[in-house]
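> here's a sequence, model it:
(one chain, ligands or ions: 1)
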Amino acid sequence: MPLRLVIIIPFTLLFTLATAIISGILLYNNHAASREAAQQSMVQYTDSMADYVSGLVAPLHQIVRVNRDALSNGSLDIHRPASLAAPLLRQMRLYKHLTFISVASTDGRYIASARDPDSQQPPHLAVNFISSNAELGAHRPTEQDLIGQRITQLPPYDPRQRPFYISAIHAHPDISWGNISRYIGFPVFGLGVSATITNEEGEILGVSATGMALTQISDFLASLVAEDRGYAFIAESDGTLVATSAPDMPLTSAEDDTHRLKLSAHPSPLLQTIGKLTQQQQISESIDISGELYLLNLQKLELGFGNSWWLGVVIPEQTFTSAVIQSTYRAVTLIVLMLVLITLVGFYLAHSIASPISKIASLAQSGSLSGLQSLPQKNTLIREVTYLSDTVRSLASELQKAITELESRVKKRTAALRKANLKLKKQSRQDGLTGIANRRTFDETIDQEWKRAVRHRHPLSMIIADIDYFKSFNDHYGHQKGDDALKAVAKALDQQPQRPGETVCRYGGEEFAVILPQTDEQGATEMAEKMRQAIIDLNLERDDIDEHDRVTLSLGIATIIPDNNDKVSTLFKQADRRLYQAKEAGRNRTKTGKKDS
Ligand SMILES: Nc1nc2c(ncn2[C@@H]2O[C@H](COP(=O)(O)OP(=O)(O)OP(=O)(O)O)[C@@H](O)[C@H]2O)c(=O)[nH]1
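Have a look, this model is predicted:
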């Protein structure tokens with residue numbers, strides 16, 4: 001594996017592992033923290049709802065109690081209902097969320113300061129004792145006229161038949177919660193509180209009551225959870241809805257808008273599930289609705305006088321976790337960017353460490369001494385690598401020097417060897433005494449020339465020559481003189497042939513063989529005669545025999561145009577036989593195949 005990868009791979013793996021661990025811890029911690037924060041938020045939501053609802057409901061009790069007490073102790077006179085107009089209007093102006101503050105007497109007279117449940121108009125008065133048949137009239141009071149002018153005429157009205165009156169009588173002497181019911185003429189539900197008014201003897205004189213619309217609670221709930229894609233609701237202790245934050249969670253059934261839905265029978269699966277949890281009195285839970293997780297917090301708010309409401313808030317878990325996931329994602333992105341940056345720096349460092357070493361290694365592997373010698377003086381900032389490079393460079397120079405020296409010595413030795421070989425070869429083909437070609441050269445040459453003659457159908461001639469009476473010469477003049485004569489004869493013979501390929505060899509003793517390629521008998525005879533004459537011309541005088549006064553030669557000639565059936569030995573034997581014939585005929589002559597020669 002390349003050095004670069006050995007450095008970078010563990011480095012990158014370790015960093016990736018560290019990134020994964022850090023990201024995991026971040027995600028886990030952030031998730032846990034967000035869950036805790038979410039639960040705290042949920043509690044805060046229901047606390048806000050409780051504060052809000054308590055703030056709305058508390059004045060109901062106070063006003064009913066204050067009016068009851070004032071009418072009971074005579075501070076206000078229930079028998080003169082018109083005198084109640086001013087204080088009831090004053091109270092109404094103070095508490096803008098109330099829809100009515102009323103007093104009804106046992107004789108059926110009724111007076112109320114009121115405002116429409118969906119209106120911001122100033123309050124008006126509703127009285128039934130102005131008309132003779134107890135018709136209810138809406139009056140706009142003025143500074144001068146306490147009751148004021150009638151603005152609307154309504155049917156006769158007997159408060160004693162109304163739920164607030166009946167429930168007050170029923171709860172006597174306690175304060176009574178009225179049932180939540182729809183306002184007459186408005187698609188709005190309202191909540192009322194009422195209490196009996198008694199004299200000192202405990203005799204019931206009438207009923208003090210007040211009420212408020214529930215729409216504003218729904219509006220508050222909607223504003224509370226709007227940003228968190230959540231839902232808030234309020235339900236009575238039996239689960240009947242009082243208010244919800246969302247239009248897709250209606251209070252009433254689609255078929256009958258006077259009939260308020262219960263949580264457990266609500267078309268919304270979310271509220272239905274919550275309805276079951278309220279029955280089990282579970283207040284904090286995670287709910288899975290169609291694969292989406294919701295956090296739920298329920299709080300039971302005691303409204304007093306035996307009444308309590310469920311306050312609930314439910315928010316998708318993703319609302320809390322998405323911010324965490326996003327921040328974790330940002331952190332992880334930052335870490336990954338750092339990883340990339342550090343990896344790039346790592347690559348650069350690995351490259352600067354590994355590149356010079358890799359270069360040295362590849363040059364060493366390719367055996368390029370010149371490459372190693374040309375390694376740059378300074379190609380890295382790493383001191384150790386510079387040392388390594390310097391050492392390798394100087395080793396390569398030393399080695400190159402030694403190789404050059406060795407090569408030159410080998411070259412010299414090879415030349416000397418070649419010369420010696422040539423000499424040896426020449427010597428092996430030369431006759432030691434005479435210096436002309438020896439028997440070995442004869443054998444090689446006749447073989448080559450024979451084959452060539454067979455191939456080209458050329459004539460090939462051979463002369464065998466022998467010094468006459470040489471034994472006698474030796475005997476007479478001594479061996480040394482014999483050698484000298486032999487050398488002189490050999491030299492003279494060797495000088496005769498002119499054409500390439502014509503070879504004169506010392507065949508043995510005082511006998512010579514001459515090879516004459518592409519030479520017919522005529523040519524061979526001429527050559528033989530030339531040789532015989534050359535020896536005569538040497539004039540090597542002798543007086544050891546009577547027949548000749550100088551050294552002479554006898555020669556036998558044989559010529560052939562050979563084919564594959566012929567043999568060299570036949571040619572040789574024929575030449576040798578003719579030499580013998582020349583000797584027989586008196587020596588110092590040439591013998592050919594012709595009869596008269
Ligand atoms: N000095 C000397 N003599 C040699 C050499 N080689 C052969 N001889 C002699 O040559 C002589 C040859 O003698 P023979 O073969 O009897 O023939 P010849 O005396 O020449 O007689 P013919 O050939 O019949 O004319 C011998 O005495 C050999 O010793 C040599 O290298 N040096």
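> got a list of what the residue of the stretch 301-450 of the chain found nearest the ligand touches?
The stretch 301-450 of the chain approaches the ligand most closely through residue 433 (5.8 Å), counting by Cβ to the nearest ligand atom. Where C-beta positions appear, they are placed from N, C-alpha and C, glycine not excepted. Under the criterion of Cβ atoms under 8 Å, 6 or more residues apart in numbering, the contact list for residue 433 reads 483, 486, 487, 490, 506.
> for residue 273, see how far away the closest residue to residue 270 other than its chain neighbours is.
Spatial nearest neighbour of residue 270, excluding adjacent residues (Cβ to Cβ, 6 or more residues apart in numbering): residue 289 at 5.2 Å. From residue 289 across to residue 273, the span is 7 Å (Cβ to Cβ, to the nearest Å).
> same question for residue 556.
140 Å.
> circling back to that earlier point, sort out for me which of the contacts of residue 433 are in strands.
residue 506 (DSSP state E).
> check the contacts of residue 433 against the ligand, which are close?
Counting by Cβ under 6 Å from any ligand atom, 483, 486 from the contacts of residue 433 sit close to the ligand.
> give me the buried subset of the contacts of residue 433.
486, 487, 490, 506 (16 or more other Cβ atoms under 10 Å).
> what packs against the helix or strand of the chain with the lowest mean pLDDT?
Least confident helix or strand of the chain, by mean pLDDT, DSSP states H and E, is strand 284-289 with a mean of 78. Strand 284-289 makes packing contacts with helix 269-279, strand 292-304 when contacts are defined by 3 or more Cβ pairs under 8 Å, 6 or more residues apart in numbering; DSSP states H and E.
> could you figure out how far the shortest one is turned away from strand 284-289?
What it means is helix 269-279. 150 degrees (axes from the mean of the first three to the mean of the last three Cα atoms, to 10 degrees).
> could you point out the helix or strand that follows the helix or strand harbouring residue 417?
Counting by DSSP states H and E, the element that carries residue 417 is helix 383-429. Per DSSP H and E, the first helix or strand lying C-terminal to helix 383-429 is helix 439-456.
> same question for the following helix or strand past that following helix, mean pLDDT?
Using DSSP H and E, the next helix or strand after helix 439-456 towards the C-terminus is strand 460-467. For strand 460-467, mean pLDDT rounds to 98.
> how about strand 460-467, does it get close to the ligand?
Yes. Part of strand 460-467 sits near the ligand under the criterion Cβ under 6 Å from any ligand atom, namely 466, 467.
> and the gap between the residue nearest to residue 257 when sequence neighbours are not counted and the ligand?
Closest residue to residue 257 apart from its sequence neighbours, by Cβ to Cβ, 6+ apart: residue 187 at 6.5 Å. Separation of residue 187 from the ligand (Cβ to the nearest ligand atom, to the nearest Å) stands at 157 Å.
> what sits against whatever residue of the chain ends up closest to the ligand?
Distance from the ligand to each residue of the chain (Cβ to the nearest ligand atom) is smallest for residue 482, at 2.4 Å. For residue 482, the contacting residues are 470, 473, 474, by Cβ under 8 Å, 6+ apart.
> again, 6 Å this time
473, 474 (Cβ atoms under 6 Å, 6 or more residues apart in numbering).
> which residues does residue 191 bridge with?
residue 212 (DSSP bridges).
> please tell me I have it right and it contacts residue 182.
No. Between residue 191 and residue 182 there is no contact under Cβ atoms under 6 Å: 11.4 Å.
> which one's more surrounded, those two?
residue 191 (22 against 16; other Cβ atoms under 10 Å).
> per-residue pLDDT of that one, please?
Residue 191 is given a pLDDT of 91.
> that older thread, just give me the neighbour total for the residue nearest to residue 270.
Neighbours around residue 289, by other Cβ under 10 Å: 15.
> for beta bridges, what are the partners of it?
Where residue 289 sits in a bridge, its partners, by DSSP bridges, are residue 292.
> all helices of this protein, in order?
For the chain, the helices defined by DSSP state H cover 3-72, 85-94, 163-171, 215-225, 269-279, 317-366, 369-373, 383-429, 439-456, 470-477, 479-494, 521-538, 568-584.
> for the ones you listed, which one sits closest to residue 178?
helix 163-171 (4.7 Å; Cβ to Cβ).
> surely residue 501 touches residue 516?
No. Residue 501 lies out of contact with residue 516 (Cβ under 6 Å); the separation is 8.2 Å.
> more neighbours, those two?
residue 516 (25 against 14).
> quick one, what contacts that one?
461, 502, 524.
> could those residues go into a markdown table alongside neighbour count?
As requested, the contacts of residue 516 are exported to a markdown table (neighbours: other Cβ atoms under 10 Å):
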| residue | neighbour count |
| --- | --- |
| 461 | 27 |
| 502 | 19 |
| 524 | 25 |
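> for these, which one is nearest residue 101?
residue 502 (161.3 Å).
> which of residue 556 and residue 273 has more neighbours?
Counted by other Cβ under 10 Å, residue 556 and residue 273 do not tie: residue 556 has more neighbours, with 26 against 19.
> look up how far residue 15 lies from residue 21.
Taking Cβ to Cβ, one finds residue 21 at 11 Å from residue 15.
> out of those two, which sits in the more crowded spot?
residue 15 (16 against 10).
> so what's the more buried one up against?
Residue 15 neighbours (Cβ under 6 Å, 6+ apart): residue 339.
> let's see stretch 164-179 as CSV, backbone CA atoms only.
What follows is stretch 164-179, C-alpha atoms only, in CSV (Å, rounded to 0.1, in the frame of the first residue of the first chain):
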residue,chain,number,x,y,z
PHE,A,164,-79.8,30.5,36.1
TYR,A,165,-82.7,31.2,38.5
ILE,A,166,-83.7,27.6,38.9
SER,A,167,-80.1,26.4,39.5
ALA,A,168,-79.6,29.2,42.1
ILE,A,169,-82.7,28.2,44.0
HIS,A,170,-81.5,24.6,43.7
ALA,A,171,-78.0,25.4,45.1
HIS,A,172,-79.3,27.7,47.8
PRO,A,173,-77.6,29.1,49.9
ASP,A,174,-74.4,28.3,47.9
ILE,A,175,-73.3,30.0,44.7
SER,A,176,-74.4,27.9,41.7
TRP,A,177,-72.8,27.2,38.4
GLY,A,178,-75.2,27.4,35.5
ASN,A,179,-75.1,24.9,32.7
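> domains in this structure, as residue ranges please.
55-216, 367-419, 439-591 (automatic domain parsing).
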